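**Student:** Predicted model and sequence follow; I will ask about them next.
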Amino acid sequence: MRTPVTSVTNLVIQIAREEVERYMDSRRRDLDSLTDLGNKFCENVKSDLEKVGRRWEEEEDSLLKQEVRAAIAVIAKNHHRSPNAIVCRINDNELLEIAR
């Protein structure tokens with residue numbers, strides 16, 4: 001609720017202050033969001049670097065196999081081919097070289 005004012009000038013000043021405060025709050029929220037994103041990015045990089053040079057765990061291999069199967073199933077559906085046809089095509093044409 002606004003404080004009662006005695007002139008149009010004071011009302012304009014009061015409204016301007018409110019708008020500036022709203023704008024600043026919005027920028028603070030944006031900055032907080034960017035800070036959170038930056039922190040998450042740093043955590044992900046740190047997590048990734050912690051595994052550099054380490055052996056793969058069985059859990060990781062199992063998850064990777066599931067993800068590859070799921071990806072191949074999607075690709076097969078997109079191309080109206082069987083998953084086996086996609087795997088053969090990838091192997092025959094050395095398409096995984098693209099990822100390196």
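**Tutor:** That came through, no problem. Being a predicted model, the structure only gives us computed values, none of them experimental.

**Student:** lowest average confidence, helix or strand, in the chain?
**Tutor:** In the chain, the helix or strand scored least confidently by mean pLDDT, DSSP states H and E is helix 8-50, which has a mean of 90.

**Student:** Any buried residues in whatever helix or strand comes next after that helix, and which?
**Tutor:** Counting by DSSP states H and E, the next helix or strand C-terminal to helix 8-50 is helix 58-79. Within helix 58-79, the residues that qualify as buried are 72, 75, 76, counting by 16 or more other Cβ atoms under 10 Å. For every residue, glycine as well, the C-beta is placed using N, CA and C.

**Student:** State the next helix or strand along the chain beyond helix 58-79.
**Tutor:** helix 83-92.

**Student:** I'd like the distance from residue 38 to residue 48, if you could.
**Tutor:** 16 Å (Cβ to Cβ, to the nearest Å).

**Student:** now do residue 17
**Tutor:** Taking Cβ to Cβ, one finds residue 17 at 46 Å from residue 48.

**Student:** Check residue 84 too.
**Tutor:** Relative to residue 48, residue 84 is positioned 33 Å away (criterion: Cβ to Cβ).

**Student:** Now do the domain split for the chain, please.
**Tutor:** 1-54, 56-100 (automatic domain parsing).

**Student:** How far away from the center of its chain is stretch 28-37?
**Tutor:** Relative to its parent chain, stretch 28-37 has a centroid offset of 14 Å by Cα atoms, centre = their mean, to the nearest Å.
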